[in-house]
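> Have a look; sequence and predicted model below, questions after that.
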Amino acid sequence: SFQQLVDHGQLEDAIRLMRRLKDSVPAGAMPSLLPAVQRMASADRLRALAKALQVGEAPHEEARRLFLALQPADIPALLDFLEEVSVPETQRFYVAILAEIGTPALADVAERFRRGIYEMQLLLAPLLGRMGGSEAAEVLAAGLQGADPTLRRELVKALGMVRDRGGCDALFEVAIGDEDESCRILALRGLQNTMPAGAQAQLIERIHSSGVGDEETELLFAALGRIGDDSVIPFLTSRLKPSWIPGRWKAIEARRAAAALAQLGGPMAVETLAHFAQSRRTELAEICNRAMLRVGRTGN
């Protein structure tokens, strides 16, 4: 009956049938029913629905509710359909359902990503990032090895979504040493507060490096303010101190240092800003006064 309903597009009736099965079957009968549910949720049995979705003949909302009613038994079928379809809208539809299923789909998604089919990896990387957790972080970090620039950028963005120590460490390595500037910038944007030992010194070393552009430098200072402590204040102070040597003092570096101090907050950072806010150099005083206003707004 279920097969006939799906094949003829009667999805509401199919959903009701599935819900009746789940709600009405006695617990003792469930072990006997599970093989039947597995068959009902297989790619072969749902192929007619997948074809209707691909050509726009099936309503997405009804199909979504049907797939959710069948989960987790239909997770392999959802991944099969995602791998087969080429229509972006339908791809997004399957990805959204897998994201809604969440953790129960993680192992299957990770296994499918490891198969190494490039187009699937591009689709599954953001999904793994949304799912999060140590397994997702491990899969994404491992995928960086040998990936082309397009996939690497997707992996880095996904790692920025994972709130996991392993993911943060992998992201930091990209931020500090990746050859691709766009990957470094994406990694810096995604950095969280949890950083590996020695991160502050590495950020400062990177700021001193040659070939670092303005956007990357801006993000390095921001990361230093986000994850740093009072030990970075001497470095930031050195960027604020006026110099009588023409061209030595740079307003843009002073602004970045002041913003990082505002992000740090704390008595020493605020005291440093207050000191330079009294500078006779008008531009420096204005920069530090504006940064002190930021301290008040962020509640540091």
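Everything's here; your move. Fair warning: this is a prediction, and the values are worked out from it, not measured in the lab. Residues are numbered from 1 along each chain as shown.
> Spit out the contact partners of V139.
Applying C-beta atoms under 8 Å, 6 or more residues apart in numbering to V139 gives the contacts 110, 113-114, 128. For the C-beta atoms, the positions are set from N, CA and C on the backbone; glycine is no exception.
> State the pLDDT value of it.
Note on V139: pLDDT of 95.
> what do you get for the one 4 residues further on?
Among the per-residue scores, G143 shows a pLDDT of 94.
> Now the residue nearest to it when sequence neighbours are not counted: phi and psi?
Nearest residue to G143, sequence neighbours excluded (C-beta to C-beta, 6 or more residues apart in numbering): L155, at 5.2 Å. With angles defined as degrees, to the nearest 10, L155 sits at phi -70, psi -40.
> S231 now?
phi -70, psi -20.
> which stretches of this structure have low pLDDT?
Within the chain, the ranges that satisfy pLDDT under 70 run 30, 193-194, 197, 245-247, 296-300.
> Which elements pack onto the helix ranked longest in it?
In the chain, taking DSSP state H as the definition, the longest helix is helix 282-298. On a contact count with 3 or more C-beta pairs under 8 Å, 6 or more residues apart in numbering; DSSP states H and E, helix 282-298 meets helix 251-264, helix 266-277.
> sorry, back to before: narrow the contacts of V139 to those that are buried.
110, 113, 128 (16 or more other C-beta atoms under 10 Å).
> Going by secondary structure, P196 is in what exactly?
Using DSSP states H and E, P196 is not contained in any helix or strand.
> how near is the residue nearest to it when sequence neighbours are not counted to A175?
Nearest non-adjacent residue to P196, counting by C-beta to C-beta, 6+ apart: D169, 5.1 Å away. From D169 across to A175, the span is 11 Å (C-beta to C-beta, to the nearest Å).
> between these two, who's got more neighbours?
A175 (28 against 16; other C-beta atoms under 10 Å).
> list the contacts for the more buried one?
Contacts of A175 (C-beta under 8 Å, 6+ apart): 184, 187-188, 191, 223.
> ok, L273 touching L261?
Yes - counting by C-beta atoms under 8 Å, L273 does reach L261; the two are 5.4 Å apart.
> picking that back up, ok, the residue nearest to G143 - how many residues close by?
Neighbour number of L155 under other C-beta under 10 Å is 29.
> contacting residues for it?
125, 140-141, 143-144, 147.
> Now with 6 Å, please.
L155 makes contact with 125, 140, 143-144, according to C-beta atoms under 6 Å, 6 or more residues apart in numbering.
> Are any of those residues buried, and if so which?
125, 140, 143-144.
> give me the number of residues near the residue lying closest to R294 once chain neighbours are set aside?
For R294, ignoring the flanking residues on the chain, the nearest one in space by C-beta to C-beta, 6+ apart is A262 at 4.2 Å. By other C-beta under 10 Å, 23 other residues sit near A262.
> before we move on, what about P31?
8.
> Next, S243: secondary structure please.
Under DSSP: H, G, I helix; E, B strand; the rest coil, S243 falls in the coil class.
> Please list all residues in contact with it.
S243 sits in contact with W249, where contact means C-beta under 6 Å, 6+ apart.
> Next, it: phi, psi?
According to degrees, to the nearest 10, S243 has phi -130, psi 140.
> Looking at the contacts of A175, which are in helices?
Those of those lying in helices (DSSP H): 184, 187-188, 223.
> List just the nearest of those to A269.
A223 (15.5 Å; C-beta to C-beta).
> is it true that the closest one touches L191?
Yes - with contact defined as C-beta atoms under 6 Å, A223 counts as touching L191 (5.3 Å).
> neighbour count winner among these two?
A223 (27 against 22).
> State the distance from the more buried one to R165.
For A223, the distance to R165 (C-beta to C-beta) stands at 17 Å.
> How about A77?
A77 is 34 Å from R165, by C-beta to C-beta.
> try L188
The value you get for L188 to R165, if C-beta to C-beta is used, is 18 Å.
> So if I had to pick from these two, which one is more boxed in?
A direct count of neighbours by other C-beta under 10 Å for L188 and R165 places L188 higher, at 25 against 14.
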